[in-house]
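In: the amino acid sequence is not available; the structure is as follows:
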């Protein structure tokens, strides 16, 4: 019996153009650095600790032929060959970064093989070759219109009754929503919408040019008057006053970078919410699918909020039961927005919307931040497309505050001042995330380490420079997430 969701898929979907990507083109906004490798290793330890196994699915016996798609440095593939001594393991990746076989035990290396290639092209393997295929966090490399063809190709190389395991996460940009936004981009381009056809795909309100942008662009003299502080009779008095005395941008408002992240995804045609669309695409190639509720990690509070909440005795901590996090069940035939997403393995307390923390939350945030840092230059390209023609940053820059030594060390660029503005936004966001990650606080709490002697870190100087806010007033705001992770086990 077929228990996969969305069995009434319109066949016209399959007749649409296969993809927008040029033949041979590689989709990779991410620069794969050693820092990301380290967090890949942490992810591996986290998931295997929760599953108490190398896989989500509990095999009766080790699969004999295994393929790890997007294997990276090969950590999981090496561990699989080490634990399953009768199995042959193939690691497939676009980059040749895996260790040489002469540094591995011969008992492992003789059953291990590295293959280089593009996942988006036809895979260089025989039909019905593998018992088990694994693919983890490939959402930044697979355009949404190519998920069906990638999954169909995996189904081809799987043996009858073979198993595909997919672990994926939504492509979130972690930041706390703010009530005000300083700059609106001049582009009217829609934000990072994913494939047209999913009812649960995230959309964003289109941005429009500000009145001040149009005024300055259409009248150079008016721009000079605005910067010098003189009055403009053609503008309403309230707007004129705002232009003559521009408000400094909020260092905690990361909406410009978030918008650039969404535009970057849209430019590569990457779905910002692959967890919403994967059940649909998996059902096209696999007869049975099992999954677990998404593991959603709320964005940790900043140090100011934590301190005030501790004073008011209103902060709490929960520990999740690893045995229940990845408990598999048949995927409902209802769309994910109506069924599966009603029950989420979120790190939440039972008392309303107040967020609480697991001991893993800071590491999940650090992992997400490191991934976004690896995409910095791609995000800058999107930032430049969005704001390159908008003079508003130049107006706001006249009252810019230097809150950290890192920012004060930057020198204005005579060729591209917008890059300076981007770097300022970037430093504000990195300091905010470093404060929320609270590595020093964790060290003191868990290991009773004392505060290091010397100059405070930049993120603490940044936080201390901000106005004090009432943290308790934000408890009723909806939770923002720094990570949303889910696994799927599919049977051919």
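Out: Here it is on my side, so go on. What you see is a predicted model; the values in this text were computed from it and never measured.
In: backbone dihedrals for residue 486, please?
Out: Torsion angles at residue 486 (phi, psi; degrees, to the nearest 10) stand at phi -150, psi 150.
In: got the contact list for it?
Out: 167, 168, 169, 275, 291, 292, 293, 294, 295 (C-beta atoms under 8 Å, 6 or more residues apart in numbering). All C-beta spots, glycine's among them, are computed from the backbone N, C-alpha and C.
In: so what's it bridging to?
Out: Beta bridges link residue 486 to residue 168, judged by DSSP bridges.
In: in a markdown table, list the contacts of residue 486 along with distance to residue 116.
Out: Below are the contacts of residue 486 laid out as a markdown table (distance: C-beta to C-beta, whole Å):
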| residue | distance to residue 116 |
| --- | --- |
| 167 | 22 |
| 168 | 23 |
| 169 | 25 |
| 275 | 29 |
| 291 | 31 |
| 292 | 32 |
| 293 | 36 |
| 294 | 32 |
| 295 | 32 |
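In: which of those residues lies closest to residue 142?
Out: Nearest to residue 142 among the contacts of residue 486 is residue 168, at 9.5 Å by C-beta to C-beta.
In: quick one: what helix or strand has the closest residue to residue 170 other than its chain neighbours in it?
Out: Residue nearest to residue 170 in three dimensions, not counting chain neighbours: residue 484, with 4.3 Å by C-beta to C-beta, 6 or more residues apart in numbering. Assigned by DSSP states H and E, residue 484 belongs to strand 481-491.
In: before we move on, what about residue 108?
Out: Using DSSP H and E, residue 108 sits in helix 106-109.
In: list the contacts of that helix.
Out: 78, 81, 82, 85, 101, 102.
In: out of those, give me the two with the largest separation.
Out: 85 and 102 (19.7 Å).
In: ok, the two, which is more surrounded?
Out: residue 85 (10 against 7; other C-beta atoms under 10 Å).
In: which secondary structure state does that one sit in?
Out: coil (DSSP: H, G, I helix; E, B strand; the rest coil).
In: mind giving me the packing neighbours of the helix or strand following the helix holding residue 108?
Out: Downstream of helix 106-109, the first helix or strand assigned by DSSP H and E is strand 112-116. Helices and strands touching strand 112-116, by 3 or more C-beta pairs under 8 Å, 6 or more residues apart in numbering; DSSP states H and E, are helix 75-83, strand 88-93.
In: same thing but 10 Å
Out: strand 65-69, helix 75-83, strand 88-93 (3 or more C-beta pairs under 10 Å, 6 or more residues apart in numbering; DSSP states H and E).
In: can you check which of those gets nearest to residue 300?
Out: Among the helices and strands packed on strand 112-116, the nearest to residue 300 by C-beta to C-beta is helix 75-83 (26.6 Å).
In: run the angle between the closest one and strand 88-93 for me.
Out: 170 degrees (axes from the mean of the first three to the mean of the last three C-alpha atoms, to 10 degrees).
In: make residue 1 into 600 and carry on from there
Out: With 600 as the first residue, the last one maps to helix 674-682.
In: buried residues, helix 674-682. List them.
Out: Within helix 674-682, the residues that count as buried by 16 or more other C-beta atoms under 10 Å are 674, 675, 676, 677, 679, 680, 681.
In: what sits up against it?
Out: By C-beta atoms under 10 Å, 6 or more residues apart in numbering, the residues outside helix 674-682 that reach it are 636, 639-640, 642-644, 646-647, 652-654, 661-662, 665-667, 670, 673, 686-692, 697-698, 703-704, 706-713, 731, 733, 735.
In: how about 8 Å then?
Out: 639-640, 643, 653, 661, 665, 667, 670, 686, 688-690, 697-698, 703-704, 707, 710-711, 733, 735.
In: residue 627 belongs to a helix?
Out: No. Using three-state DSSP, the assignment for residue 627 is coil, not a helix.
In: residue 926 is nearest to which of the helices and strands packed on strand 711-715?
Out: The closest of those to residue 926 is helix 674-682. By C-beta to C-beta, the value is 21.2 Å.
In: rounded mean pLDDT for that closest one, please.
Out: For helix 674-682, mean pLDDT is 96.
In: same question, stretch 883-898
Out: In this model, stretch 883-898 carries a mean pLDDT of 93.
In: just the terminal-to-terminal distance for it.
Out: 34 Å (C-alpha to C-alpha, to the nearest Å).
In: tell me the buried residues in that stretch?
Out: So, applying 16+ other C-beta under 10 Å, buried residues of stretch 883-898: 883-885, 887-898.
In: ok so, going back, of the contacts of helix 705-708, which is the nearest to residue 1015?
Out: When the contacts of helix 705-708 are ranked by distance to residue 1015 (C-beta to C-beta), residue 677 comes first, at 43.9 Å.
In: ok, back up a step: and residue 727, which of the helices and strands packed on strand 711-715 is closest to it?
Out: Comparing the helices and strands packed on strand 711-715 under C-beta to C-beta, the one sitting nearest is strand 664-668, at 10.0 Å.
In: now, the buried residues of stretch 883-898 that are in strands?
Out: 887, 888, 889, 890, 894, 895, 896, 897 (DSSP state E).
In: with distance to residue 1056 as new columns, can those be given to me in CSV?
Out: Below are these laid out as CSV (distance: C-beta to C-beta, whole Å):
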residue, distance to residue 1056
887, 50
888, 45
889, 44
890, 40
894, 30
895, 29
896, 23
897, 24
